[in-house]
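S.K.: Sequence first, then the predicted structure, then my questions.
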Amino acid sequence: MKNNYKDIGDIYREAFKDYSKKPSAKTWENIEAKLTKPVSVTSGLLKNNYFIAFSSMLVVAVIVFIVLRNTNSIEELNIADPIENVSVIASPENEEVAAAVAVEVEQELTESKTKRKTIEAEKIIPPAEQKDDVDVNLKSEQSESQQELSQSTPEISTDKTEQISNESDIVNNDALNAAEKNIPNKSTTKETGILEQEKPVEETEKTEDIIEDVPIIPIEFPLDQKICRGEKANLEVKGGITYKWNNGEEGSLISINPLVTTIYAVTVTDAGQNLHYGSIMVEVYECSPLFVPDAFTPDGDGLNDVFIAKGTDIIEFDLRVHSRTGKMIFETNNINIGWDGRIDGKMAQPGVYFYTIRFVDSLKKVHNLNGHLTLLR
Amino acid sequence: MISDEEIIKGCIDGDKKFQHLLYEKYASSMLGVCIRYFKDTEEAEDALQEGFIKVFKNIKKFRFEGSFEGWIRRIMINTALNYYRSNLKHYFHSDITENENKIVFDKDFNQDFYVEDLLKIVRDLPPGYRMIFNLFEIEGYSHKEIATQMKISKNTSKSQLLKARKLLQKKLALLSKHENVEVR
């Protein structure tokens, strides 16, 4: 009688022991949104800092470059005749130019227009006597603004040149050569510049970055895979914007569990709205040497009375059964021994229990299995 | 194949890829758990969502002892319990004081039912009944545990379980007699 007629609790326990339902896609989206919110604040800030630092350096370099070109052209116009010996002129001229640059950058930062005008005037007016006069002017400027740095030794300044040339790619050779002697100035203007110029720099650089960076990302498809039947595999495509898999999924990463060899095809849209197709073959092999039941009925009727794993060619074996609360209630290292559904000699409550199995197969491969089992009355 | 341990470690590091993997691995079976505790699937998905956020935020507390699936499942059930408790004022409890140590059930069934039918029937139960039936019959909680979790007396748990079972039996009997009848 009892064997044919089921208790309502058993009916439900049996029906729902492995019941699963795929949640809608928005559930993960919501989780993701909630998870990334606090994280992205910090990482975003970090990125911003790097970004600000980098872009402000870029802008300083660009300003230096522009100013250099201006001054160069001015000098070309004005000094057309006086240039007799390039090598001789080179160093003082460079000194001036770079110093002028430094001064100019400084001015822009401090935004003192009047100062700028006077310096510009100086620059244009004394073409003939520039070697001496401007030098003096500049030196006084330097000592006004950066006393310590103008005193700094040549070794230090060249060191800094190297550092800076590494840091900012855009500083071109002209600028570097020209500015060689005055790098200390430049570096300090940079440092102060970073603080003062953040905002405008960020805006201009950002737009450039977006335009340049996006299309470069190549689409990366996963390689073909071989899995054992019952195992899951993960396929991940990188670099796209939207993904459409032939199994209906739409994520960049899909987790699959095919029972037979299956080809997964995916259509990827990149940032430029171009379509890319890829396919991945997942070969399924019959390789798990262990069968683990998901339910048992320790009622003494001779059928499924013991929760036991069945397998061949197992070298090492460890089975543990845990209760819902995580308490270990059974352990064995013998594959021929299973759990009889008793805890300390008393029949355990019907319901869900959990197992973890660690075993080593004949190829010395270590497998870790875990899952749940249902104790039915 | 990536082991649970690797996935968990990735999640502890906050790696989004591993979080997604973990979700993919357990979301369906956990919704299968949550769904029994709520009248509609949307609510169950809300609970699932909240449960997973708890999982990710607390995953560093998982000590690699016992089953990870069991740990997640417990979080899901606790989330369902939280929902129940926060809605408690809307629910009506009748506390039966008489001691019913021996619960006698009047009907057993000799036929198989469709899971979806069973699900619909259990979800249509009043919230308290549904909670207790799920916890006791499917999850295997004791009346003592249920009483603590639901803030009711042990006897209330027992009597409500009895009522829940009777209600379910009645509906299943109806279903087995008239297969096409909409069960209400």
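M.R.: It's in. A quick note: this is a predicted structure, and the numbers were derived from the prediction, not measured.

S.K.: hey, let's count contacts and neighbours off CA atoms from now on
M.R.: Fine.

S.K.: and the gap between A:T36 and B:L162?
M.R.: For A:T36, the distance to B:L162 (C-alpha to C-alpha, to the nearest Å) stands at 45 Å.

S.K.: So these two - more neighbours on which side?
M.R.: Counted by other C-alpha atoms under 10 Å in any protein chain shown, A:T36 and B:L162 do not tie: B:L162 has more neighbours, with 19 against 14.

S.K.: Is the more buried one in a helix, a strand, or coil?
M.R.: Secondary structure, DSSP: H, G, I helix; E, B strand; the rest coil: B:L162 is helix.

S.K.: That one and chain A: what is the separation?
M.R.: Relative to chain A, B:L162 is positioned 11 Å away (C-alpha to the nearest C-alpha, to the nearest Å).

S.K.: how much space between that residue and B:Q169?
M.R.: Using C-alpha to C-alpha, we find B:L162 at a distance of 10 Å from B:Q169.

S.K.: Helices of the chain, residue ranges please.
M.R.: You didn't pick a chain, so chain A it is. A:8-16, A:25-78, A:86-110, A:113-124, A:130-145, A:147-150, A:154-167, A:173-179, A:183-213 (DSSP state H).

S.K.: Sorry, I should have been clearer: chain B.
M.R.: So, for chain B - with DSSP H - the helices run B:4-12, B:16-34, B:41-58, B:68-86, B:115-123, B:127-133, B:143-150, B:154-177.

S.K.: Identify the residues contacting the shortest one?
M.R.: The reference is to helix B:127-133. Outside helix B:127-133, the residues within contact range by C-alpha atoms under 8 Å, 6 or more residues apart in numbering or on different chains are B:36-38, B:81, B:84, B:91, B:93, B:122-123, B:146, B:157, B:160-161, B:163-165.

S.K.: Flag every buried residue along stretch A:319-334.
M.R.: For stretch A:319-334, burial by neighbour count (16 or more other C-alpha atoms under 10 Å in any protein chain shown) applies to A:319-324, A:326, A:328-331.

S.K.: same deal with stretch A:233-253?
M.R.: Neighbour counts using 16+ other C-alpha under 10 Å place A:233, A:235-240, A:243-245, A:250-253 of stretch A:233-253 among the buried residues.

S.K.: Reformat the residues you listed as a markdown table; add pLDDT and distance to chain B.
M.R.: Compiled in a markdown table, the buried residues of stretch A:233-253 are given as follows (pLDDT from 0 to 100; distance: C-alpha to the nearest C-alpha, whole Å):
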| residue | pLDDT | distance to chain B |
| --- | --- | --- |
| A:A233 | 86 | 6 |
| A:L235 | 90 | 11 |
| A:E236 | 89 | 10 |
| A:V237 | 90 | 12 |
| A:K238 | 86 | 12 |
| A:G239 | 84 | 14 |
| A:G240 | 86 | 15 |
| A:Y243 | 89 | 16 |
| A:K244 | 87 | 17 |
| A:W245 | 87 | 15 |
| A:E250 | 86 | 13 |
| A:G251 | 86 | 10 |
| A:S252 | 88 | 10 |
| A:L253 | 89 | 8 |
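
S.K.: Deepest-packed of the helices of chain B, please.
M.R.: Ranked by mean neighbour count under mean count of other C-alpha atoms under 10 Å in any protein chain shown, those are led by helix B:127-133, which reaches a mean of 25.

S.K.: any idea how far B:I53 lies from A:K34?
M.R.: Taking C-alpha to C-alpha, one finds B:I53 at 8 Å from A:K34.

S.K.: do the same with B:K170
M.R.: Distance of B:K170 to A:K34, computed by C-alpha to C-alpha: 43 Å.

S.K.: What of A:L68?
M.R.: Shown here: A:L68 relative to A:K34, a distance of 50 Å by C-alpha to C-alpha.

S.K.: The two: which is more packed in?
M.R.: A:L68 (23 against 14).

S.K.: pLDDT score for the more buried one?
M.R.: Note on A:L68: pLDDT of 70.

S.K.: Could you do A:G338 as well?
M.R.: pLDDT, A:G338: 92.

S.K.: same check, this time on the one 5 residues further on
M.R.: The confidence metric pLDDT takes the value 90 at A:I343.

S.K.: Give me the spatial nearest neighbour of it, chain neighbours excluded.
M.R.: Of all residues not flanking A:I343 in the chain, A:I329 sits nearest, at 6.3 Å (C-alpha to C-alpha, 6 or more residues apart in numbering or on different chains).

S.K.: With chain B as the reference, measure out to that neighbour.
M.R.: In this structure, A:I329 and chain B are 10 Å apart, going by C-alpha to the nearest C-alpha.

S.K.: list the contacts for that residue?
M.R.: A:I329 sits next to A:320-323, A:343 when contact means C-alpha under 8 Å, 6+ apart.

S.K.: Please report how far it lies from B:L125.
M.R.: From A:I329 across to B:L125, the span is 33 Å (C-alpha to C-alpha).

S.K.: what's the spacing between A:D340 and A:A309?
M.R.: Distance from A:D340 to A:A309, by C-alpha to C-alpha: 12 Å.

S.K.: What of A:F359?
M.R.: Look at A:F359 and A:A309: by C-alpha to C-alpha, they are 11 Å apart.

S.K.: Cool, thanks, talk later.
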